[in-house]
Structures are given as structure tokens and as C-alpha cells.
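In: here you go, sequence then predicted model.
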Amino acid sequence: MEYFLQQLINGVTLGSIYGLIAIGYTMVYGIIGMINFAHGDIFMVGAFIALIFIVTFGITASLPIALLILALIAVLIVSMALTAVWGWTVERIAYRPLRGSFRLAPLITAIGASIALQNFVQISQGARNKPLQPLIPGGFTLTEGGPNGEGFIVQLSYSQILIIVVTTALMIGFTLLISKTSLGRAQRACEQDRKMASLLGINVDRTISLTFVMGAALASVAGLMFLLYYGVIDFYIGFLAGVKAFTAAVLGGIGSLPGAMLGGLLIGLIETFWSGYFSVEYKDVAAFSILAIVLIFMPEGLLGKPEVEKV
Amino acid sequence: MNSWDNNPVLTIEHLTMRFGGLVAIDDLSFNVGRGDITALIGPNGAGKTTVFNCATGFYKPTEGRIIMNRSNGEHYLLERMADFQISAKAKVARTFQNIRLFGGMTLLENLMVAQHNPLMLASGYTIGGIFGLKSFKKAERDAVERARYWLDKTALIDRADAPAADLPYGDQRRLEIARAMCSGPELLCLDEPAAGLNPKESAELNALLQYIRKEHDTSILLIEHDMSVVMEISDHVVVLDYGEKISDGSAVEVKDDPKVIAAYLGVPDEEVDGVEEEVGI
């Protein structure tokens, strides 16, 4: 039971990170119907920007707690802003010139943009792992082990709490943004009929750019969380995390915002429980097998709407 | 000189549209009078929708100009503008023959989307809106009010929060007009608004269009096959056949024009020569 609880906590944490990245995939798919394969690398760039700021400004766990919180908020804002610029640039350079081209063209440039970002970071930052001393050490011990070493110690670390709280808040805020604001309405309108939206005076190109910007900002939050949680990043983390998040988006129903969050959570949980109870080596196999099964039996995903063509 | 030539809201000059070897519109010129209901009629394939598509940025005309004369004295060359600016700046709105609503959004949201630009401006590009800017709250309230006004006028207010795709066909047609009106147009282009409507709905549509023209100073250009609609409400009728204008005048003048009768009814082969002689081709 204690072991289960611990895996649950770990799974929810990991799932929150996947969910944040998955939102970027699902929104871009929803609005222009393409898979932005560079999104995982945008997440990686976000993690690097955060790391560079943390190291440059000497933010360590030894700072007073109030100052540390302020510093982390500053890092969060700066890396969101800078990563958003990266997201905007990728869209501007790699996707917008190909809008209206055949469907495969932006897919190919997406893969190109992904490789370009990886290599850029590899060359400019070096290929080695970048470690970070834990910034938020400690946590709550939920159950103590027995005196003779029997039982299992369940821990909920402060960084896990931070990750879950920040992602939940962001997801709520984001859902409100999409459902209540004029920008969100414009995005949903572009999703359904881009030509009609532009005939109503909506600047579709700008709306699409903003979608990329928002997705990139969320990915950079995920990058910072990943950095705080694992304490080590390299130029290649974007690939696997990106594929997992993409899986999450498909699992939840691509194009659906709550689907992406749910899918992220499920992928995180599946992966953690599989490695906790069966084998760590096959955790990715488990996650992707679930994807294959869902695609066979529910091609539209868990919360996706089936596409009904009216005749 | 006719009233529509004195004070046109839309001037089409020497418009030509070719698709490869096919000439869809050939040197077409006409005026749409300010405050008029102008009907563009003609047999299937005459090029009516192509005129609309040229005026709303779908096609770049091969030759010619389309000038929108706004009531504030500004002039816009529609064929040179990006499609989103045609609505935002030139204040031209249109509807489609096959309805294009945002089916997954509610009726109210459909109408709010049409008011996106003023709302974006008022909300400081969303950022001010998030922090609860006062001017944004007011703009949002006004937008909802305007949307409700049009839902009321189109008798859709009871279903304001239903998804647009769930509406019956006739209601969807009216919602499209309401949505176009929410963008505050000076010229409303309607592509077969009465298609598929029953006689009662058709009569309601006539009343709605006349109300729009009268109370909102909006000029209307419509494509229509239903002659009862055309004859009843239009001040000015332009008839196209094979991409060329064959008649242009008031509803009564056009109705009795032999060219129009020939184009619509067709004539048996042996009478072609006689008709051509009569109409002077």
C-alpha cells in the first residue's frame, strides 16, 4: 500500500509535466492540423534557458526561502518569455511559409526544426549532461518505515508539490483563457473554419502565432519543472519527453485540451507503475503499447470527438 | 442616371476573372447603391459567386478593380486587401451558399467571434483582460449585448447557448446573417440566403433584410434564385450570364428584358436566330 502511494505521487508528478507539454501538441494540431515535432525540443530549450539563468544568477538552495521563491518566479517568467520567442520563430520560419502547401511539407520542416534545435543546443551548450544541485530539498514523510527497516517510507517532496500545484494552476488558467477570452474564442473559431474566421476580421496568421507562443510558454514551464525534479538535463531530453507528450495528446484525443491533460496524467502513471511493479527497462514499451491499443480500439482517443462527416 | 450610380457603396470596374482558359467573369462593371438592396441574379454558372469571391479576398481577379466606398469617405481596393482586413477595415461581410458556422461553438460565441477585433483592442491584446481591465469588461458587456440584440432580431435568442450545429437549417441561415451583422458591416453580401427555406421562412427573411437595410444603414448585395424574393425586396437587379452583364436596372425593368427571359427560360434552337435578332446580338 505504501509502495503504491509512493508510485502514485511520482506518477502524478511525471504526468503533470507530460500534460503541460502535450497541451502544446494538441493546440497546434487543433488549429492547423499538423504535428509540431519541434515542440519537444522547445521544451528542452526552455529547460536550458532556465538552467542558464539559475546558474548565472547564482540561485541555490542556500538562499533565504522568500528570496528563493521570488528568484524562481523570475526564472519562470524569463524562461517563458524567451522560450515563447523561440516558439514564435520556429513557426515563422519553418511553418508559415509552407501554409497552403501540401500536407507533408510542414511535417518535414517540423522534423528539420527539431534536429536544428537539438544540434544548436548541442553545439552551443555542449553535449554533456548539465547537472543542477537540488534547489528545493526536503519534503514531507507521509509514512515512516518500521524500526527494523520493514515497511516503506513514502515521501512527498517539496518539488513534487510545487510541480503539481504550478501545473494545476496553469492548466486551470489556460482552460479559462481558451473558453472565456476573445483570443480563445478566435482560436477555437480558427480551429473549425480558418477561412470563415478570417472573413470575420480575425488575423489568422497572428492567432496561429499566438498558439505557438502559448504552447512554447507552457513547454518552458514543463522544462523548468523537469529541471527541478530530475536535476539533470541534456540536449536530447526533448526527444523522448516530446514523443511521450505526443503519445499523451493522442491518448487523450488530439485536439482536445482536457484530453491532453488527462492523457499526460495517464502516461505518467502508466510509466511509473510499470517501472515500479514490473520492469524499469520496459517502461517506454508499456507507455507506447497503451497508445497502440487505444489507437486500435478508440482511434479518436479518450476525450476526442469522433469526426462525423455530414453527407 | 440611376441612384446607385450617383452614390455607390461598391463599385466594380472591368472585373475579369479567368481560370486558365475558362473566363468566369468577363469585363463586368456595375455599382451597388448605398442603402440599396441589390440582387445579383443569373442562371447557374453565370459567375455570381465568383464576383463575391473576388470581392471578399478568395480570388485575386485577373483584371479590374473592386472599390468599397465607406460612409466615412474612405475608399478601399478590395482586390488588394488581405481577407481579414476586408471585414476589419473595409467593413464588408458575407455569408455562404453552403453554411459555414462554427458548429462546435454556441450561438452566442459565434456572434462574439465576429466582434473579435474591438474586443482584442479593448482587452489590451488579452493581457489587460486577464487583469480585469475596466474598459475590457465594458467592451465585453457591449459585445454580449450586441450579440443578444441580433439573436433577438433573428428569433434565435432562446437557443443562445446551444451549439450552432444543432440548429435546424433555416435557423442556421439566419444565424449566419446575425453573425455577419455583428462585425458591423456597411455592405452585407449574402450568397443565396433564401436557398432551402420554406415560404414562411422566406417571408421572414425578406422582413429581416429590409429591417437591416432600414435600421442599420447597411447596404445589401445578394445572390438569389428565388425570384419572389428578388422582385419583392430588391431596388436594383444586375443579371449575369456566362460571366457578362446582360441587364442592369430596377426589378421591373429587368423582369421584362428579353435578354433576361432568354437567358432564364432558354429558347428552342430554331428560335435562337429570331431572339438574337430581337435582342440585337
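Out: Structure's in. What do you need?

In: now do the buried residues in stretch A:230-245.
Out: A:233-239, A:241-245 (16 or more other CB atoms under 10 Å in any protein chain shown). C-betas here are computed from N, CA, C, even on glycine.

In: identify, from those, the entry nearest to chain B.
Out: Nearest to chain B among the buried residues of stretch A:230-245, counting by CB to the nearest CB, is A:Ala245 at 24.4 Å.

In: what parts of chain B come near chain A?
Out: Contacts of chain B with chain A, taken as CB under 8 Å from any CB of the partner chain, map to B:56-58, B:82-88, B:93-94, B:96, B:100, B:102-105, B:109, B:112-117, B:119-120, B:123, B:125-126, B:129-130, B:140, B:179, B:183.

In: filter those residues down to the ones in helices?
Out: B:83-88, B:109, B:112-113, B:116-117, B:119-120, B:129-130, B:140, B:179 (DSSP state H).

In: now do A:Leu70, the pLDDT please.
Out: Listed pLDDT for A:Leu70 reads 91.

In: repeat that for A:Pro106.
Out: At A:Pro106, the pLDDT value in this model is 90.

In: and the one helix or strand it maps to, what's buried?
Out: Per DSSP states H and E, A:Pro106 falls inside helix A:104-125. Within helix A:104-125, the residues that count as buried by 16+ other CB under 10 Å are A:106-107, A:109-110, A:113-114, A:116-118, A:121, A:125.

In: would a markdown table of those residues with distance to A:Val204 be doable?
Out: Shown next, in a markdown table, are the buried residues of helix A:104-125 (distance: CB to CB, whole Å):
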| residue | distance to A:Val204 |
| --- | --- |
| A:Pro106 | 15 |
| A:Leu107 | 20 |
| A:Thr109 | 19 |
| A:Ala110 | 19 |
| A:Ala113 | 21 |
| A:Ser114 | 25 |
| A:Ala116 | 26 |
| A:Leu117 | 25 |
| A:Gln118 | 30 |
| A:Val121 | 31 |
| A:Gln125 | 36 |
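
In: now the closest residue to B:Ala155 other than its chain neighbours: which helix or strand?
Out: Nearest residue to B:Ala155, sequence neighbours excluded (CB to CB, 6 or more residues apart in numbering or on different chains): B:Arg174, at 7.2 Å. For B:Arg174, the host element (DSSP H and E) is helix B:169-182.

In: for the helix holding A:Pro106, list the C-alpha coordinates in CSV.
Out: Output of helix A:104-125 as CSV, limited to C-alpha atoms (Å, rounded to 0.1, in the frame of the first residue of the first chain):
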residue,chain,number,x,y,z
LEU,A,104,3.6,16.6,-45.7
ALA,A,105,5.7,19.7,-46.2
PRO,A,106,5.3,21.3,-42.7
LEU,A,107,5.8,17.8,-41.2
ILE,A,108,9.2,17.6,-42.8
THR,A,109,10.2,21.1,-41.8
ALA,A,110,9.0,20.2,-38.2
ILE,A,111,11.4,17.3,-38.1
GLY,A,112,14.1,19.6,-39.5
ALA,A,113,13.4,22.3,-36.9
SER,A,114,13.6,19.6,-34.2
ILE,A,115,17.0,18.5,-35.4
ALA,A,116,18.2,22.0,-35.8
LEU,A,117,17.3,23.0,-32.3
GLN,A,118,18.9,19.9,-30.8
ASN,A,119,22.1,20.5,-32.7
PHE,A,120,22.1,24.2,-31.9
VAL,A,121,21.9,23.4,-28.2
GLN,A,122,24.4,20.6,-28.5
ILE,A,123,27.0,22.8,-30.2
SER,A,124,26.4,26.0,-28.1
GLN,A,125,26.0,24.3,-24.7
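
In: after that helix, which helix or strand is next?
Out: strand A:130-131.

In: so what does the helix or strand following that next one touch, helix or strand wise?
Out: The first helix or strand that comes after strand A:130-131 along the chain, using DSSP H and E, is strand A:139-143. Packing partners of strand A:139-143 (3 or more CB pairs under 8 Å, 6 or more residues apart in numbering or on different chains; DSSP states H and E): helix A:2-32, strand A:154-157, helix A:158-180.

In: would you mind finding the most buried of those?
Out: Ranked by mean neighbour count, the helices and strands packed on strand A:139-143 are led by helix A:2-32 with a mean of 23 (mean count of other CB atoms under 10 Å in any protein chain shown).

In: domain assignment for chain B?
Out: What automatic domain parsing lists as the domains of chain B is B:1-91+B:184-281, B:101-183.

In: now for the closest residue to A:Gln6 other than its chain neighbours: which residues touch it?
Out: Distances taken as CB to CB, 6+ apart put A:Val154 closest to A:Gln6, at 4.7 Å, once the chain neighbours are dropped. Neighbouring residues of A:Val154 by CB atoms under 8 Å, 6 or more residues apart in numbering or on different chains: A:2, A:5-6, A:9, A:141-143.

In: looking at strand pairing, list the partners for A:Val154.
Out: Beta-bridge pairing for A:Val154 (DSSP bridges): A:Thr143.

In: let me know the pLDDT of it.
Out: A:Val154 is given a pLDDT of 83.

In: same check, this time on the one 5 residues further on
Out: pLDDT, A:Ser159: 89.

In: how near is it to chain B?
Out: Separation of A:Ser159 from chain B (CB to the nearest CB, to the nearest Å): 27 Å.

In: got it, and A:Gly173?
Out: The gap separating A:Gly173 from chain B is 8 Å, by CB to the nearest CB.

In: backbone dihedrals for A:Leu302, please?
Out: phi -70, psi -50 (degrees, to the nearest 10).
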